[in-house]
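> Make a model of this:
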Amino acid sequence: MNRQRLHRVSVLILASALAAVAPAFSQTAAERGGREGRPQQSQERLIETFLDHATTELNLDVEQRSGLEQVLRETMDRRGVLARSQAQLRREIRDALSDPATTDEDFRRLAGAILDVRRQEVELLDWQEGRLLEVLTPRQTLRFMLIQQQLAQRIDDVRKNRNR
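Purely as a prediction, here's the structure:
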């Protein structure tokens, strides 16, 4: 598989994984219902558990694990900023749709903002892939992306069950 095709596949895999995982870590205190300390502790436990699993699955050495942890933390920080921007944009869109005075120009601006956020998502995924390839082998990188996608699916399943 050539590098460009690997890149496209990895972007698609990571997009779905990050879209499912990151919002859980990027909610504001108000969105979490005021539960302050618990989400940070849960996030730390999730990172450690995920790193333990990835270390075993990918046969990582100490240096690779440390590098992977750094990439994960940086990605989550960046994804958190992006998720907050997305939440703000969703609020603006909701408000615009409910306000009969919203102009076509306002809707065009919001549509452009949606595209900007999507571009930022792809840029983040591209950045993460580059960072992963600095830490892991290409085989480990692709395997990591699959593990990350499985985690995202499990988190999504838990969320769906909790919301029922």
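
> C-alpha only now, for contacts and for neighbours.
Will do.

> ok, now which residue in this protein is the farthest from the centroid?
Going by C-alpha atoms, centre = their mean, the residue of the chain most distant from its centre is A101, 34.6 Å out.

> How about the secondary structure of that one?
Under DSSP: H, G, I helix; E, B strand; the rest coil, A101 falls in the coil class.

> measure it to I114 for me?
Separation of A101 from I114 (C-alpha to C-alpha, to the nearest Å) stands at 21 Å.

> Also Q148?
As judged by C-alpha to C-alpha, Q148 and I114 stand 25 Å apart.

> So these two - more neighbours on which side?
Legend: neighbour count by other C-alpha atoms under 10 Å for Q148 and I114, higher for Q148 (20 against 16).

> Which strand or helix spans that one?
helix 138-163 (DSSP states H and E).

> What residues sit buried inside that helix?
Across helix 138-163, burial judged by 16 or more other C-alpha atoms under 10 Å covers 140-142, 144-149, 151-153, 155-156.

> Now do the same contact list for the residue lying closest to Q64 once chain neighbours are set aside.
Ranked by C-alpha to C-alpha, 6 or more residues apart in numbering and with sequence neighbours excluded, the top spatial neighbour of Q64 is V135, at 5.7 Å. V135 is in contact with 64, 67-68, counting by C-alpha atoms under 8 Å, 6 or more residues apart in numbering.

> related to what we said a few turns ago, what packs against the helix holding Q148?
For helix 138-163, the elements it packs on are helix 3-26, helix 37-58, helix 104-135, judged by 3 or more C-alpha pairs under 8 Å, 6 or more residues apart in numbering; DSSP states H and E.

> Could you check the angle it makes with helix 104-135?
Computed by axes from the mean of the first three to the mean of the last three C-alpha atoms, to 10 degrees, the angle separating helix 138-163 from helix 104-135 equals 130 degrees.

> Begin at 57, not 1, for the rest of this chat.
New numbering, starting at 57: the last item is helix 194-219.
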